[in-house]
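*Asks:* Requesting a structural model of the entry that follows:
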Amino acid sequence: MEPTPQNSEIVPAPEAGAPWLDHLAYPESYDGVTMRRLLAYLVDLLVIAPTVAVVAVVFWMLGVLTFGLLMPLLGVMLIAVPICYHTLLIGGPESATFGMRLFGLQVRRLDGGRPDHILAALLTAAFYISVAFTGWLIMLVVLFNMRGRALHDFLCGTVVINARGR
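*Replies:* Predicted structure coming up:
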């Protein structure tokens, strides 16, 4: 039997194709990830907010023109824009939103692979639902694990890495 390293976080062994996911062997994969995740999300908000504003105006005008018939679509679209933004970009070839790309971050599965659009949608839904119910307090989880993983990362089996550090 091979001895296993002792650490404070139970971590599945990385696959042969992704040894850089091991935070003990490759700490540079997680250098500054927590702060850069926050900054990346602020950049993403700067991208999402104008898009939501345009969508709100368009669907409000459609609601007025249809005497309120299409007004319920306004609420749906205000929710759909940020969810689509995160899902399409995290599930895409770069595995990162525009903010994450700016700060050199990527989302990866625990086996080292890139998330597909289904996993990206689950990750996004878990993020927005957990934040909605806790008022951002749930994000304190990132301070108490060595990889800077949030609750939605744990639930979906993903990790955010420093793409420049590997």
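*Asks:* Do a quick rundown of the helices in the protein.
*Replies:* Using DSSP state H, the helices found in the chain span residues 33-65, 71-90, 98-102, 117-134, 151-156.
*Asks:* Specify the stretch among the ones you listed that is closest to residue 162.
*Replies:* helix 33-65 (5.6 Å; C-beta to C-beta). No exception for glycine: its C-beta is placed from N, CA and C like everyone else's.
*Asks:* Thought residue 31 was touching residue 161, still the case?
*Replies:* No. Checked against C-beta atoms under 8 Å, the pair residue 161 and residue 31 is beyond contact range at 9.8 Å.
*Asks:* Comparing those two, which shows the higher neighbour count?
*Replies:* Comparing residue 161 with residue 31 by other C-beta atoms under 10 Å, the one with more neighbours is residue 161, at 28 against 14.
*Asks:* Check what pLDDT that one gets.
*Replies:* pLDDT recorded at residue 161 is 94.
*Asks:* try residue 157
*Replies:* Confidence score, pLDDT, at residue 157: 94.
*Asks:* going forward, begin numbering at 40 instead of 1
*Replies:* Okay, using 40 as the starting number, the last item reads as residue 196.
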